[in-house]
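>>> here is the input, now give the coordinates:
(2 chains)
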Number of protein chains: 2
Amino acid sequence: LPGPFRLYLVTDRTLVAGGDLGRAVRRALLAVPPGTVGVQLREKDLAGRALLDLACALREITRAAGAPLLVNDRVDVALLCEADGVHLPADGMPIRDARRLLGPGRLIGVSTHAPAEIASAAAGGADFAVFGPVFATPSKAQYGPPLGTGALAAAVAASPLPVFALGGVEATTARACLAAGAAGIAAIRAGLGAPDPAVAVAELLRSMEDPPDG
Amino acid sequence: LPGPFRLYLVTDRTLVAGGDLGRAVRRALLAVPPGTVGVQLREKDLAGRALLDLACALREITRAAGAPLLVNDRVDVALLCEADGVHLPADGMPIRDARRLLGPGRLIGVSTHAPAEIASAAAGGADFAVFGPVFATPSKAQYGPPLGTGALAAAVAASPLPVFALGGVEATTARACLAAGAAGIAAIRAGLGAPDPAVAVAELLRSMEDPPDG
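This next block holds a predicted model:
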């Protein structure tokens, strides 16, 4: 198992062209093989009811496309919309607690910014880690300067979990992340935030499939 | 059952003298009969881990005092800290969904601002409603002008649920809320936000026990 999917699309509805997140997710999953692309619903400013409504809408769309859906932070919402799992931010609840509510059959992804956090996530029972920011990106400026592909390679080498590269990863840089050992890439702006997510996802997947010099 | 308790203390750690919410809750429950005072943990800005840590700390304190503990909004945190229930804000998840996760044995309180919202909460399976703002208060200014005790009386008369009066209720005005039919009062500033919550709670409870002209 190199990871539950290859491309992890993280939502930020404020970046979605036209503002319709459901449409963006539908476009993004239009032509992808089932299980290749996962979606993380991450809309931290939404209150319970609005978040649950959106989660249920995305659940229908992702289920129809055979795409795993994870909900950021809120295990209760993940359970209610029958998501495939939760994604825990660095300041989220402990993994063991999330697992206790979720049961063994669902995915837990964890946001990490250092190898020690990946080790801790593995010990807690996480299924995969997202590591970053690898490259510079406006939305991750709050997490400090980009760590680079060297740090990604070191993190992957020390990790018992599949690691996804996050932070400014695009079609032109996805290859370097895989070369560093990443199981896949995570994208916000370059995925659902792109002008046309269908085109963007196709390009990202193609960039990960081509042989290095092919 | 006039309600699960008579005084509902809602937290806002930014209003706590000295900033130690655990200490404030311990003081507040120092000398109250078990089951008389309930506590709602409501710290909307706290991330999952910090909120769960605080919930578990308050669970120990409230359990020792025989006081019910409810967690605002997050059913997952309520389940993990073994709270007695959840309190759903007006923009929180639907009551039926919360009940599905919580099971039948726990309390669901709901924030309401109109009789129709109380009826809807009752239909959804809530155990009690908080209604307000009854009087003027800085923290409830966002919900519009105070509704007054007349509106409270009308809401209570139409309500199948116990109704707690919220919004600027103090020891001097608690009596008027009970006279309007409220099952009890809810307090933020006048409870845990008071200079000494032990004194404040004793005064609030005493003001509710005295006969109208005694």
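
>>> check whether stretch A:68-86 comes into contact with chain B.
Yes - looking at stretch A:68-86 against chain B by C-beta under 8 Å from any C-beta of the partner chain, the contacts come from A:Asp73, A:Arg74, A:Val75, A:Asp76, A:Val77, A:Leu79, A:Leu80. (Each C-beta comes from the backbone N, C-alpha and C, glycine too.)

>>> can I get these in TSV with secondary structure?
Shown next, in TSV, are the residues of stretch A:68-86 next to chain B (DSSP: H, G, I helix; E, B strand; the rest coil):
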residue	secondary structure
A:Asp73	coil
A:Arg74	coil
A:Val75	helix
A:Asp76	helix
A:Val77	helix
A:Leu79	helix
A:Leu80	helix
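
>>> which member of the residues you listed is positioned nearest A:Ala154?
Distance to A:Ala154, by C-beta to C-beta, is smallest for A:Asp73 among the residues of stretch A:68-86 next to chain B, at 27.6 Å.

>>> which ones are touching the closest one?
A:Arg42, A:Lys44, A:Val86, A:His87, A:Leu88, A:Pro89, A:Gly92, A:Met93, B:Ala47, B:Gly48 (C-beta atoms under 8 Å, 6 or more residues apart in numbering or on different chains).

>>> correct me, but the first one touches A:His87?
I take that to be A:Arg42. Yes - the criterion here is C-beta atoms under 8 Å, and A:Arg42 meets it with A:His87 at 7.0 Å.

>>> need the overlap of contacts for these two.
A:Asn72, A:Asp73.

>>> those two - which one has more neighbours?
A:His87 (27 against 18; other C-beta atoms under 10 Å in any protein chain shown).

>>> so what sits opposite the more buried one in the bridge?
Assessed by DSSP bridges, A:His87 has beta-bridge partners A:Asn72, A:Gly109.

>>> hey, where'd the strands end up in chain A?
In chain A, the strands defined using DSSP state E lie at A:7-10, A:37-41, A:69-72, A:85-88, A:107-112, A:128-131, A:163-165, A:184-187.

>>> show me where pLDDT drops low in chain A?
Residue ranges of chain A with pLDDT under 70: A:1-3, A:139-142, A:210-214.

>>> who in it is up against chain B?
A:47-52, A:73-77, A:79-80, A:88-89, A:91-94, A:97-98, A:100-101.

>>> can you go through these and name the buried ones?
A:48-49, A:51-52, A:73-77, A:79-80, A:88-89, A:92-94, A:97-98, A:101 (16 or more other C-beta atoms under 10 Å in any protein chain shown).

>>> and A:Arg106, how many neighbours does it have?
20.

>>> from A:Ala123, how far out is it?
18 Å (C-beta to C-beta, to the nearest Å).

>>> hmm, who's touching the longest helix seen in chain A?
The longest helix of chain A (DSSP state H) is helix A:48-65. The contact list for helix A:48-65, computed with C-beta under 8 Å, 6+ apart, reads A:11, A:21-22, A:25-26, A:29-30, A:32, A:34, A:37, A:39, A:41, A:43, A:46, A:68-69, A:71, A:74, A:77-78, A:80-83, B:73, B:88-89, B:91-94, B:97.

>>> before we move on, what about stretch A:12-21?
A:11, A:24, A:42-43, A:54, A:58, A:139, A:188-189, A:192-196.

>>> now stretch A:116-126
Contacts for stretch A:116-126 (C-beta under 8 Å, 6+ apart): A:88, A:90, A:94-96, A:99, A:108-110, A:112, A:129, A:131, A:155, A:158-161, A:163.

>>> my guess is A:Gly181 contacts A:Val163. True?
Yes - the criterion here is C-beta under 8 Å, and A:Gly181 meets it with A:Val163 at 7.2 Å.

>>> mind listing the shared neighbours of the two?
Common neighbours of A:Gly181 and A:Val163 (C-beta under 8 Å, 6+ apart) are A:Leu152, A:Val156.

>>> those two: which is more packed in?
A:Val163 (29 against 17).

>>> what's the distance between A:Glu170 and A:Thr137?
For A:Glu170, the distance to A:Thr137 - C-beta to C-beta - is 10 Å.

>>> just A:Ala123 next, same as before
Counting by C-beta to C-beta - A:Ala123 and A:Thr137 are separated by 29 Å.

>>> of those two, who's got more company?
A:Thr137 (20 against 11).

>>> which residues touch the residue lying closest to the more buried one once chain neighbours are set aside?
Counting by C-beta to C-beta, 6 or more residues apart in numbering or on different chains, A:Thr137 lies nearest to A:Gly168, which is 3.8 Å off, once chain neighbours are set aside. Counting by C-beta under 8 Å, 6+ apart, A:Gly168 touches A:Pro133, A:Val134, A:Phe135, A:Ala136, A:Thr137, A:Lys140, A:Pro146.

>>> which of the residues you listed tops the neighbour count?
Counting by other C-beta under 10 Å, top hit in the contacts of A:Gly168: A:Val134 with 28 neighbours.

>>> what angle sits between the longest helix of chain A and strand A:37-41?
170 degrees (axes from the mean of the first three to the mean of the last three C-alpha atoms, to 10 degrees).

>>> any idea how far helix A:48-65 is from the middle of the chain?
Distance of helix A:48-65 from the chain centroid (C-alpha atoms, centre = their mean, to the nearest Å) equals 16 Å.

>>> alpha carbons of it, as CSV, please.
Presented in CSV, the C-alpha positions along helix A:48-65 are these (Å, rounded to 0.1, in the frame of the first residue of the first chain):
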residue,chain,number,x,y,z
GLY,A,48,-22.0,22.5,12.2
ARG,A,49,-25.1,22.6,10.1
ALA,A,50,-23.5,24.2,7.0
LEU,A,51,-20.5,21.9,7.3
LEU,A,52,-22.6,18.8,7.6
ASP,A,53,-24.8,19.8,4.6
LEU,A,54,-21.7,20.3,2.5
ALA,A,55,-20.1,17.1,3.7
CYS,A,56,-23.3,15.1,2.7
ALA,A,57,-23.3,16.8,-0.7
LEU,A,58,-19.6,16.0,-1.3
ARG,A,59,-20.2,12.4,0.0
GLU,A,60,-22.7,11.9,-2.8
ILE,A,61,-20.4,13.3,-5.4
THR,A,62,-17.3,11.4,-4.2
ARG,A,63,-19.2,8.1,-3.8
ALA,A,64,-20.4,8.3,-7.4
ALA,A,65,-16.8,8.8,-8.5
